[in-house]
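Engineer: Output the structure for:
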Amino acid sequence: MLTLNLPPAQLKIINKENKPFVFDILRKKYISLTPEEWVRQNFIQYMINHLGYPKGLLSNEVQIRLNNTIKRCDTVLYATDFRPRMIIEYKAPEVEITEAVFNQIYRYNIVLKVDYLVISNGMNHYCCRVDYKTGKCFFLPAIPHYNDID
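Structural biologist: Model (predicted):
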């Protein structure tokens, strides 16, 4: 797999039926190792091991209902009171992060109403803080450490 713009992660990878699978520490099972999954698993390790996010407050493939359709958020961070705080959307490294990608995560936020929106393709990472008083999103210079989110 491609080297990402993230610290190296120790991932468990196996082959099943001549295809690679990676162990998802949040779902506690092996998942088909696609380029997007490669980004997700490396990014989760970065958040936990380098930014101090508690593994127990992160969840993958969170299902939401949006306009009578079922959508799945790639990863959601919850507060200790189980209120959603952050939505994280992943794309494969070759996928350019465009306004359409931001629109996708912003639509998910209509339902979850989180404080932070994060998008990563493993090479580029963006984080916005949502200000509900002004109705605007503000880009942060980096993904905040867990202790720095308020």
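
Engineer: Please, where are all the helices along this protein?
Structural biologist: Using DSSP state H, the helices of the chain run over 35-51, 99-112.

Engineer: Quick check: buried residues in the last one?
Structural biologist: Within helix 99-112, the residues that qualify as buried by neighbour count (16 or more other C-beta atoms under 10 Å) are 101-102, 104-106, 108-109, 112. C-beta here means a position set from N, CA and C on the backbone, and glycine is covered the same way.

Engineer: Which two among those are spaced furthest apart?
Structural biologist: 101 and 112 (16.7 Å; C-beta to C-beta).

Engineer: Against residue 117, how distant is the residue nearest to the spatial centre of the chain?
Structural biologist: With distances taken as C-alpha atoms, centre = their mean, residue 88 lies nearest the centre of the chain, 2.8 Å away. Between residue 88 and residue 117 the computed distance is 8 Å (C-beta to C-beta, to the nearest Å).

Engineer: Repeat that for residue 72.
Structural biologist: For residue 72, the distance to residue 117 - C-beta to C-beta - is 16 Å.

Engineer: What of residue 37?
Structural biologist: 20 Å.

Engineer: Next: residue 106.
Structural biologist: 7 Å.

Engineer: where do the contact lists of those two overlap?
Structural biologist: Counting by C-beta atoms under 8 Å, 6 or more residues apart in numbering, the shared contacts of residue 106 and residue 117 are residue 137.

Engineer: What number of residues are in the vicinity of residue 150?
Structural biologist: 7 (other C-beta atoms under 10 Å).

Engineer: still on that earlier bit, for the helices of the chain, which one sits closest to residue 122?
Structural biologist: Of the helices of the chain, the one closest to residue 122 (C-beta to C-beta) turns out to be helix 35-51, at 3.9 Å.

Engineer: Show me which residues of the closest one are buried.
Structural biologist: Buried residues in helix 35-51 (16+ other C-beta under 10 Å): 35-48.

Engineer: Also stretch 64-80?
Structural biologist: Quick answer for stretch 64-80 (16+ other C-beta under 10 Å): 64, 73-78.

Engineer: Out of these, which is nearest to residue 131?
Structural biologist: residue 77 (18.1 Å).

Engineer: if I look at the closest one, how far off is residue 33?
Structural biologist: 23 Å.

Engineer: Residue 10 too?
Structural biologist: Remark: distance between residue 10 and residue 33 (C-beta to C-beta) = 15 Å.
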